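Asks: The sequence isn't on hand, but the structure is:
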C-alpha cells in the first residue's frame with residue numbers, strides 16, 4: 001500500500017530509527033529462513049501485482065451475493081498465478097508426511113498471503129479435502145483423486161458437521177448403507193438434523209465432498225467412515241440427482257467462504273469411493289476394521305495444528321495494526337505541561353499491546369513445535385506405531401482451544417486499544433475478529449476440545465499412578481503423582497515459574513481425577529461422573545496446556561536464540577519472559593492455591609512485568625514490522641506501513657456510496673415530508 005502523501009509519518013520514522021535490532025533479520029527468522037522469506041515476498045508480488053488495491057467500492061458495501069462472486073473471481077485468479085509461480089508440487093503417493101510437506105506450502109500461501117479479505121471458498125479444499133485423500137485413501141485412491149484435487153480439476157470440501165451434531169461426531173446421522181448386489185453405497189439423510197451444515201465452499205463452489213457417514217454393512221453398524229461423493233456436474237455445475245445442496249447464509253465473519261448445507265436422497269456411489277486406507281468393505285459387504293478408530297479423524301488433528309498457526313497470524317496482524325496506530329496517535333497528556341504523547345507511551349496501552357505481541361510470537365513457535373510432532377507421529381503411523389497418537393490428539397485439542405480463545409480475546413483488546421477508530425470496518429478489526437472467533441467453534445468447539453484433553457489427562461494420571469512411563473508432553477506429571485505436590489522453592493526465575501505452573505497443573509489434574517473417581521465410587525457411571533466433574537476437567541486441561549506452552553517456549557527460545565544475533569536474542573528473550581509472566585498472572589488463582597507464592601513474590605513479578613514493558617517499548621514497532629505483513633494483506637487504514645492514518649481514513653470514507661451524491665434521495669422521499677408534516 002503506497003503512502004497516501006508519499007511520506008511516512010514522522011513518529012513511525014522515529015520508532016524505526018530507535019529500534020535496537022535488524023528488522024530484516026527478525027523477518028528472516030519469523031518466516032523460517034532467508035529462502036522462505038524471499039519466496040513469500042516474490043509470491044506476494046506475483047499474486048498481488050495486478051490486483052486493484054483500493055477497490056472503488058470496498059467489500060463492506062457489497063451485497064452477500066456480490067461479495068461471494070467477487071471473492072471467487074479473485075481466489076481463482078490468485079490460484080492460477082500461484083500455480084504458475086510455484087515449482088511443480090510432487091505428491092508422494094503412499095507417503096503422507098512427504099505429500100503433506102509439499103501441500104503445506106500451498107495451504108500456508110493461500111491462507112496467509114491471500115488478498116481475499118473475508119476468506120476464500122477454496123480454503124477447506126486445500127486444508128481438509130486434499131489432505132484427507134492423502135491420509136485416508138489407498139495409494140490407488142490417491143492416484144485417482146489427489147492430483148485432480150491439487151490442480152483444481154475437481155474442487156472439494158470436507159463434510160462432517162451436521163445441523164444436529166457437531167463436535168460429538170458419534171452422533172452424526174448421515175448413513176451409508178452398502179448394497180452387495182451392486183457393490184455400491186447408498187447415502188441418505190434420514191432426518192433434517194442429519195443434513196451436513198457448515199463446510200466451507202459447499203454452498204456453490206465445490207463439486208466433490210468427502211462425507212463422514214455412519215456405515216452399515218450386512219445390517220450391522222460399522223461406525224463413521226469417509227466417502228468421496230460428487231455433488232455437482234462438472235460441466236453444468238448443477239446438483240447431482242438426489243443431492244440437496246445450498247448455502248447457509250451470512251455469518252459474523254468469513255463472509256466469502258461460502259459455507260453450505262448438504263442432504264442426500266438415496267445417492268449411490270461405487271465401492272471405490274469409500275476411502276479405504278484404514279478400514280475396508282469387500283465384495284458382499286465383508287468389513288475389515290481399522291486398527292484404530294481415531295485414524296478416521298486424522299484430518300481434524302492436522303487442521304487443529306493449522307489453527308494454532310492461524311491464531312498467530314491473526315494476532316500478528318492485529319498487533320501490527322494496533323502498535324503502528326499507537327505510535328501515531330497522540331492523546332491524553334501524561335505531563336499536563338507537555339504536548340500530548342504517543343499513546344504507546346501510556347503503560348496501560350503497553351499492557352494491552354505487548355502481551356499480545358508475545359502471544360503471536362509464542363503461538364508461532366509452539367505451532368512449529370507441534371507441526372514437528374505431527375510429522376513424527378504421522379511417520380510412526382505409517383509404520384503401524386500408534387503409541388503417540390493419543391498424546392498428539394490431547395495436545396492438539398488443548399492448544400486449539402487455548403490459542404483460538406486467546407487470539408479472539410487478543411484481537412478484541414487490540415481493537416479496543418485503537419479507541420473509536422478501531423470500530424471502523426476500514427480498520428480491518430471486524431474481519432480479523434470474525435476469523436479469530438470462528439476458530440473457537442469450528443473443528444471442535446473449545447469446551448469439548450478441553451474435555452478431550454482432560455480425558456487424555458485422566459488416562460495418563462492413571463498410568464502414572466500405576467508406575468507406567470508417560471509420553472514427553474505429560475511426563476512432568478510423574479514428578480507429582482505420589483505426593484501432595486508443591487513446587488521447588490520459589491525464586492522468581494523463569495524455571496521457577498515453569499515449575500510452579502506444572503505443579504499447579506498437576507494438582508488440577510489430580511483434583512479432577514479424584515473427583516471423577518469419588519463420583520464413580522458413589523455409583524455414578526463414568527460418563528455421568530465426567531459430566532459432573534466438567535468444570536474441574538476443563539480447568540485442568542487449560543492449565544496443563546498453558547504450562548506446556550511456557551515450557552515449550554522456554555526450550556524453543558533457548559534453542560532459537562543460539563542461532564541469532566545478540567540483539568534479536570535479547571528481544572526474543574524479553575518477549576518470552578513477558579509471555580511467561582502474563583501466563584502466570586492469568587493463572588494466578590491456581591498458583592496462589594498450589595504454590596508457596598507470597599505478596600512479596602507477586603510484587604516482584606509486577607515490577608518485572610513493568611520493566612519488560614519498558615524494555616519492549618523501544619522495539620515494538622520494529623517487532624511488528626518484522627512480521628512482514630504487506631499493506632495489501634493487512635488491509636487497514638490504521639495499520640499501514642506509512643502511518644498516515646487520518647489521510648487513509650478520510651480517503652476510505654469518500655468511497656461510501658452514500659457520499660456519491662450531495663443529497664440522498666431519502667431526503668426528498670422521507671425526511672422533507674416529515675419536516676413539513678406539522679405533526
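Replies: That came through fine. All values derive from a computational prediction rather than experimental measurement.
Asks: Could you give the number of residues near residue 284?
Replies: 11 (other CB atoms under 10 Å). Where C-beta positions appear, they are placed from N, C-alpha and C, glycine not excepted.
Asks: Surely it is in contact with residue 180?
Replies: Yes - between residue 284 and residue 180 there is a contact at 5.0 Å, judged by CB atoms under 8 Å.
Asks: the helices in the stretch 101-250 of the chain, which residues?
Replies: For the stretch 101-250 of the chain, the helices defined by DSSP state H, counting those that start in this stretch cover 123-124, 130-136, 139-150.
Asks: And for the stretch 351-500 of the chain?
Replies: Using DSSP H, counting those that start in this stretch, helices in the stretch 351-500 of the chain cover 389-417, 429-438, 446-465, 494-521.
Asks: got the buried residues for the last one?
Replies: Across helix 494-521, burial judged by 16 or more other CB atoms under 10 Å covers 494, 496-513, 515-516, 519.
Asks: Who are the packing partners of it?
Replies: helix 446-465, helix 526-532, helix 534-561, helix 566-586, helix 588-594 (3 or more CB pairs under 8 Å, 6 or more residues apart in numbering; DSSP states H and E).
Asks: Could you point out which of those helices sits nearest residue 26?
Replies: helix 566-586 (5.9 Å; CB to CB).
Asks: sorry, back to before: so can I have TSV of the helices and strands packed on helix 494-521 showing distance to residue 127, mean pLDDT and mean neighbour count?
Replies: Output for those, formatted as TSV (distance: least, CB to CB, whole Å; pLDDT from 0 to 100; neighbours: other CB atoms under 10 Å):
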stretch	distance to residue 127	mean pLDDT	mean neighbour count
helix 446-465	18	96	21
helix 526-532	31	95	14
helix 534-561	22	97	21
helix 566-586	27	97	20
helix 588-594	35	90	17
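Asks: closest to residue 319 out of those helices?
Replies: helix 566-586 (11.4 Å).
Asks: how far away is residue 34 from residue 235?
Replies: 46 Å (CB to CB, to the nearest Å).
Asks: likewise residue 619?
Replies: For residue 619 relative to residue 235 (CB to CB), the value is 57 Å.
Asks: quick one, which of the two is more surrounded?
Replies: Taking neighbours as other CB under 10 Å, residue 619 and residue 235 compare with residue 619 leading, 26 against 7.
Asks: from memory that one sits against residue 572, does it?
Replies: No - in this structure residue 619 lies outside contact range of residue 572 using CB under 8 Å: 10.6 Å.
Asks: State the number of residues packed around residue 431.
Replies: Residue 431 has 23 nearby residues by other CB under 10 Å.
Asks: That one: what's it in contact with?
Replies: Applying CB atoms under 8 Å, 6 or more residues apart in numbering to residue 431 gives the contacts 117-118, 253, 425, 635.
Asks: got TSV for those residues, with neighbour count and distance to residue 71 too?
Replies: TSV is the format used below for those (neighbours: other CB atoms under 10 Å; distance: CB to CB, whole Å):
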residue	neighbour count	distance to residue 71
117	22	8
118	21	6
253	18	13
425	15	16
635	23	13
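Asks: for these, which one is nearest residue 525?
Replies: residue 253 (39.8 Å).
Asks: how far away is that closest one from residue 448?
Replies: Applying CB to CB to residue 253 and residue 448 gives a distance of 21 Å.
Asks: same check, this time on residue 179
Replies: Distance from residue 179 to residue 448, by CB to CB: 35 Å.
Asks: quick revisit: and the two most separated of the contacts of residue 431?
Replies: Longest span within the contacts of residue 431, CB to CB: 253 and 635, 13.6 Å.
Asks: Now do the same contact list for the closest residue to residue 254 other than its chain neighbours.
Replies: In space, and not counting its chain neighbours, residue 254 is closest to residue 119: 4.3 Å by CB to CB, 6 or more residues apart in numbering. Contact partners of residue 119, counting by CB under 8 Å, 6+ apart, are 71, 200, 253-257, 435.
Asks: among the residues you listed, who's most crowded?
Replies: residue 257 (28 neighbours).
Asks: Distance check, it against residue 179.
Replies: 35 Å.
Asks: ok, now residue 538?
Replies: For residue 538, the distance to residue 179 - CB to CB - is 44 Å.
Asks: now residue 358
Replies: From residue 358 to residue 179 the distance is 57 Å (CB to CB).
Asks: and what of residue 471?
Replies: Counting by CB to CB, the gap from residue 471 to residue 179 is 43 Å.
Asks: so what's the residue nearest the centre of the chain scoring on pLDDT?
Replies: Centroid-nearest residue in the chain, with CA atoms, centre = their mean: residue 307, separated by 2.4 Å. Residue 307 carries a pLDDT value of 91.
Asks: Assign a three-state SS to it, would you?
Replies: Using DSSP: H, G, I helix; E, B strand; the rest coil, the structure places residue 307 in helix.
Asks: cool, the one 4 residues further on as well?
Replies: Counting by three-state DSSP, the backbone at residue 311 sits in helix.
Asks: got a list of what it touches?
Replies: 363, 403-404, 406-407, 436, 439 are the contacts of residue 311 under CB under 8 Å, 6+ apart.
Asks: Quick check: buried residues in the helix or strand hosting residue 80?
Replies: Assigned by DSSP states H and E, residue 80 falls within helix 64-85. Residues 67-68, 70-72, 74-76, 78-79, 81-82 are the ones in helix 64-85 that count as buried (16+ other CB under 10 Å).
Asks: Now do that helix, average pLDDT.
Replies: 84.
Asks: starting at the chain centroid, how far to that helix?
Replies: 22 Å (CA atoms, centre = their mean, to the nearest Å).
Asks: what's the angle from it to helix 139-150?
Replies: Using axes from the mean of the first three to the mean of the last three CA atoms, to 10 degrees, one finds that helix 64-85 and helix 139-150 are set 110 degrees apart in direction.
Asks: I'd like to know which elements helix 64-85 is packed against.
Replies: Secondary-structure packing of helix 64-85 (3+ CB pairs under 8 Å, 6+ apart): helix 34-48, helix 96-112.
Asks: For the ones you listed, which has the smallest mean pLDDT value?
Replies: Among the helices and strands packed on helix 64-85, helix 96-112 scores lowest, with a mean of 63.
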